[in-house]
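**Student:** please work out how this folds:
(chains A and B)
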Amino acid sequence: MRGATHVKWAAAAAAVALTATACGGGSDSGGGGGGDGSGVVRSSWGDPQNPLEPANTNEVQGGKVLDMIFRGLKRYNPKTGAAEDMLAEKIETSDQMNYTITVKDGWTFSNGEKVTAKSFVDAWNYGASLKNNQKNAYFFGYIDGYDKVHPDSGSQSADTLSGLKVTGDNTFTVKLNQKFSTWPDTLGYAAFAPLPKAFFDDHDAWVSKPIGNGPYTVDSYQKGSQMSLRKWDDYPGDDKAENGGVDLKVYTDNNTAYTDLTAGNLDLVDDVPAAQLKNVQNDLDGRYINTPAGIIQTLAFPFYDSDWNKADSDKVRKGLSMAINRKQITETIFAKTRTPATDWTSPVLGEEGGYKSGLCGEFCDYNPTEAKKLVAEGGGLPGGQVTIGYNADTGSHKEWVDAVCNSINNALGNDKACVGSPTGTFADFRNKITDKKMTGPFRAGWQMDYPLIQNFLQPLYYTNASSNDGHWSNKEFDSLVDKANAEADTATAVKTFQQAQEVVRDNMAAIPLWYQNGSAGYSDKVSNVALNPFSVPVYNEIKVN
Amino acid sequence: MGRYVIRRLLQMIPVFIGATLLIFLMVNVMGDPIAGLCGDRACDPATEAQLKSEFGLDKPVWQQYLTYMGNVFTGDFGTAFNGQKVTELMSTAFPVTIRLTIVAILFEIVVGISLGVITGLRRGRPIDTTVLLLTLVVISIPTFVTGLVLQLLLGVEWGWINPAVSTEAPFSELIVPGLVLASVSLAYVTRLTRTSIAENRRADYVRTAIAKGLPRRRVITRHLLRNSLIPVVTFIGADVGALMGGAIVTERIFNIHGVGYQLYQGILRQNTQTVVGFVTILVLVFLAVNLIVDLLYAVLDPRIRYA
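**Tutor:** Below you'll find the model as predicted:
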């Protein structure tokens, strides 16, 4: 897309003009209502990639809707990210493997149907079952019987998870296939939401107008263009909507959405275009938030390639890590919407959750002399050059890959030490990774599923784990993760996970680059805007002035 | 005439099959689309296999193409990855794009031809030079610059229009986007008409008409313009197809949920069904418009006969 970059430049120029004339925009056409909590928030949206089923939505756009119309057993505190009981009365276990869950009484779906233990069990069975093509099915992989309803190959031999049993109106038991002490904290993810009977009885009707148990109901939904959500007055929870509703409008381009925001036709844009980041403070008069999200960007290595898996290769990897000037890149290219990473998790976990600033130590500090020395000690770069693989179609990856390469070239004093290696589309990039065709380090981004340190380590670095794209394998790491999962005490579990993370550091299994922030701009008609750790706006708390 | 039309219609069949096959292969070369559906992680193999068989991606390409064409002839254009029928996407996208194209074509015809006639008749005068310069400026500025500047000036600075078009996209909201979309072609139409008029003004039949003592107005509209329009009609006809398929940039700038936007989304998500379906329809539109243009020649110039 040559045109796209041109658009960006033009937009940047346009935005400069905007700042120069200090245009705030927006005096006409309010959301209506006023300060009485009945005003409607107009927010930008993108077309969800998959049908809007809880276990089939794995990106932010669909996630926004699910966050408004569903409440699960737990909910992640929008500020701290801590998993707090929502519909769960209590979740008990004595062996970290068998759990008894009691659902709170008094909750209903917006069509009046009661939320019972069965609503959860049916929904989870649906999500796990292979024949339903749910992309988040792996979430149920810890529940006993998953290999029967969702085998790796061949057809399924069971329709329901044997580990789930309804034991009463409001109680059910869960048997896991391994010890997993922090498992209850994963239950805040949308995939674990309960589903009403209407979902199973008339699936097409439900998908075209979803019914849930959250603070909003879907008023109308025109696929691909707009969804109107309205406050559900009888919502039984404490986190009632503080506005009259939310209109999600699909925009063809985030630049257009941003322009519409500055013109006063939109209240909230949660995807500020990169080219506008420099002007956003002025354009919006400070109505801009930039908060950490549970996303970390790393460079993974192809450990299946013998050149990258020699005895001394870790020194080369450490050297490369030290050759990257993270601070400069995050400031100049990302306008501080990224923070240099100093461990392999994310600040949203908090210190109690396992985030440990500086765990990476000197290996994440920019130090050209030491970098050069380490690379030389490790036997030099394989083939004399590293290529950094990335996909060129989204996310302006080219800019930062080129910057990282420049930084490496400067540090090593070799103009040809590092080059970017673009792949046309994201799907093709993923194909190359899955087919083990990468020959050098490649871009790896990780967006957490739930705010647990386990989620930043096990899926990425455990032997043969689902997202272990580099196929790194280390016995010591594996056994530490197993030990942490079996640990009943959360604090001890977190400590053990941190020890496992030190193993990742000592081997430099992946180079941590930076933590990604979520950013959003809003109009002067709304206030109390915040993003949760998943970079989804906390819609129910937004007030319309 | 009838036989000519039938022959042309028959010729469309190989063109249609060739075009769809090429598009199908091109989208296919981009690789496996399923891998892009699971975000920054590998899809679990079982779900991936299941999805592939559902979309028929596990079969060889020729078989996929045959199945697809078989379905197309029964009116089934397949399903996009988000679960929507492609025909449903078309029914929302095409009306919007057709409205946008109509606005653009009207601009081309009304403004473009009028300016062309005026300048053609006043060759070398100040108005001619001014318009020529203006068209040069319009042609040399890319559409996205015109689009973004107009959006910023009219939408944000002066507040005359909404910078983004609403979902319903009525004609009134499409005037500025239509003008932007038409701008470059409009300049070409002006220049084409101008040259053509200037050339025919010296033709024998025009001199005869003037010598007969016909009123100037009648000479221009009935004799001069009618003959001069042939190259212009060819250009505008070919432009209909180009405008419909080429509105990607304009549609993205002004938030118009039309064909260009759906194609862009389809390509980004490597959605074979959407891309091939939409392009197939565009190919048909292109073929039909070309036929109509050829038939219009006979209307404009009685010397042209089809047998």
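
**Student:** can you tell me the helix or strand for the residue in the stretch 51-200 of chain A that chain B sits nearest to?
**Tutor:** Nearest residue of the stretch 51-200 of chain A to chain B: A:Pro51, at 3.8 Å (Cβ to the nearest Cβ). For glycine as for every other residue, the C-beta is placed from the backbone atoms N, C-alpha and C. Counting by DSSP states H and E, no helix or strand carries A:Pro51.

**Student:** so it is in contact with A:Val207, correct?
**Tutor:** Yes: here A:Pro51 reaches A:Val207: they are 5.3 Å apart, a contact under Cβ atoms under 8 Å.

**Student:** overlap of the contact sets of those two?
**Tutor:** Here A:Pro51 and A:Val207 have B:Gly83 as joint contacts, going by Cβ atoms under 8 Å, 6 or more residues apart in numbering or on different chains.

**Student:** the more surrounded of those two?
**Tutor:** A:Pro51 (22 against 17; other Cβ atoms under 10 Å in any protein chain shown).

**Student:** give me the pLDDT for that one.
**Tutor:** In this model, A:Pro51 is scored at 86, pLDDT.

**Student:** ditto for the one 5 residues further on
**Tutor:** pLDDT for A:Asn56: 88.

**Student:** contacts only, for A:Thr369.
**Tutor:** Counted by Cβ under 8 Å, 6+ apart, A:Thr369 has zero contacts.

**Student:** which is the next helix or strand following whichever strand or helix holds A:Gly521?
**Tutor:** Applying DSSP H and E as the criterion places A:Gly521 in strand A:510-522. Beyond strand A:510-522 in the direction of the C-terminus, DSSP H and E gives the next helix or strand as strand A:526-527.

**Student:** helix, strand or coil for the nearest residue to A:Ser346 once chain neighbours are set aside?
**Tutor:** Once flanking residues are discounted, A:Ser346 sits nearest to A:Gly294: 4.8 Å by Cβ to Cβ, 6 or more residues apart in numbering or on different chains. Assigned by DSSP: H, G, I helix; E, B strand; the rest coil, the conformation of A:Gly294 is strand.

**Student:** so A:Gly294 makes contact with A:Tyr355?
**Tutor:** No: with contact defined as Cβ under 8 Å, A:Gly294 does not count as touching A:Tyr355 (10.2 Å).

**Student:** need the overlap of contacts for those two.
**Tutor:** A:Ser346, A:Val348, A:Leu349.

**Student:** okay, buried residues for the helix or strand in which A:Glu352 is found please.
**Tutor:** Using DSSP H and E, A:Glu352 sits within helix A:350-353. Going by neighbour count (16 or more other Cβ atoms under 10 Å in any protein chain shown), the buried part of helix A:350-353 is A:Gly353.

**Student:** name the SS class of the closest residue to chain A within chain B, please.
**Tutor:** Nearest residue of chain B to chain A (Cβ to the nearest Cβ) works out as B:Gly36 at 3.0 Å. Following three-state DSSP, B:Gly36 is assigned to helix.

**Student:** got it, and A:Gly106?
**Tutor:** coil.

**Student:** ok, back up a step: does chain B have contacts with the strand holding A:Gly521?
**Tutor:** No: if you take Cβ under 8 Å from any Cβ of the partner chain as the test, strand A:510-522 misses chain B, and the best it gets is 11.5 Å.

**Student:** and that strand, which strands flank it?
**Tutor:** Its sheet considered, strand A:510-522 pairs with strand A:268-269 (antiparallel), strand A:288-300 (antiparallel), strand A:338-340 (antiparallel) by DSSP bridges.

**Student:** show me how far it is from its chain's centre.
**Tutor:** Chain-centre distance of strand A:510-522: 11 Å, with Cα atoms, centre = their mean, to the nearest Å.

**Student:** and stretch B:284-301, by the same measure?
**Tutor:** The chain centroid and the centroid of stretch B:284-301 are separated by 15 Å under Cα atoms, centre = their mean.
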